[in-house]
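>>> compute the structure for the input listed below.
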Amino acid sequence: MMKTLRDDHRVESGEAISGEVPLYIGTVAHPFAEPLQLHMITLAKKIRAGADFIQTQAIFEMPRFIAWMDKVREQGLHEKAHILASVLPIKSAEMVRRMREVPGMLVPDELAQRIERAADAKAEGVRICVETIEQLKRVPGVHGIHIMAVAGEDSVPDIVKQAGLSPRPAQPR
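Next up is the predicted model:
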């Protein structure tokens, strides 16, 4: 519907509209969902339906995300839509415990233990976020980072600064 509105200048009823509709269509993907092949088919369908960008579920388990991106690149999906890898700064031991109870949310033991042992859990969460961004910068096909600062927006400037995201990094040519 949004693709038709933007590209064909028609609303759902088929009626034409005037003027440009300057928008980007986005959707989500869960790199850790099983079965992987089924979710790759779904991702390809979302892109064919008009998605310009994909925001992933929060990434804490880098090896599985890299394996997912390998499949994305094998299908050339990274060339058809911009992949925005999501990071989420963990603010507390309680937050990490709750996240680990959410189906499909994968927080490795090592990261959970770092938060639980930290004298300042929020600062440790920022460090983990920055480390994750540094790794994501090296994953071919990732076009950007989506910082999911759930009720923790005050940490975003520190994450952006520490990860070297501002000023915006030059794009490889």
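>>> can you pull the poorly scored residue ranges out of the protein?
169, 171-173 (pLDDT under 70).
>>> would you list every one of the strands in it?
26-29, 53-58, 82-87, 142-147 (DSSP state E).
>>> the helices in the protein, which residues?
2-3, 36-48, 62-74, 93-101, 109-117, 121-136, 156-162 (DSSP state H).
>>> okay if I get the ones you listed as CSV plus mean neighbour count and distance to Glu20?
C-beta coordinates here come from the backbone N, C-alpha and C atoms, glycine included. Shown next, in CSV, are the helices of the chain (neighbours: other CB atoms under 10 Å; distance: least, CB to CB, whole Å):
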stretch, mean neighbour count, distance to Glu20
helix 2-3, 14, 14
helix 36-48, 15, 22
helix 62-74, 16, 30
helix 93-101, 15, 41
helix 109-117, 14, 44
helix 121-136, 19, 33
helix 156-162, 15, 31
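>>> for Val21, find the nearest of the ones you listed.
Closest approach to Val21 among the helices of the chain (CB to CB): helix 2-3, 8.4 Å.
>>> Met99 touches Val107, doesn't it?
Yes: using CB atoms under 8 Å, Met99 is in contact with Val107, at 5.4 Å.
>>> and Ala60, what does it touch?
Just to correct that, residue 60 is Phe rather than Ala. 88, 106-108, 111, 128, 132 (CB atoms under 8 Å, 6 or more residues apart in numbering).
>>> so can I have a markdown table of those residues showing distance to Ala121?
A markdown table is the format used below for those (distance: CB to CB, whole Å):
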| residue | distance to Ala121 |
| --- | --- |
| Leu88 | 14 |
| Leu106 | 19 |
| Val107 | 13 |
| Pro108 | 16 |
| Leu111 | 12 |
| Ile128 | 10 |
| Thr132 | 16 |
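>>> out of these, flag the one nearest to Ser155.
Closest to Ser155, out of all of the contacts of Phe60 and judged by CB to CB, is Leu88, at 10.4 Å.
>>> bridging residues for the closest residue to the closest one other than its chain neighbours?
Once flanking residues are discounted, Leu88 sits nearest to Ala58: 3.8 Å by CB to CB, 6 or more residues apart in numbering. Per DSSP bridges, the residues bridged to Ala58 are Ser86.
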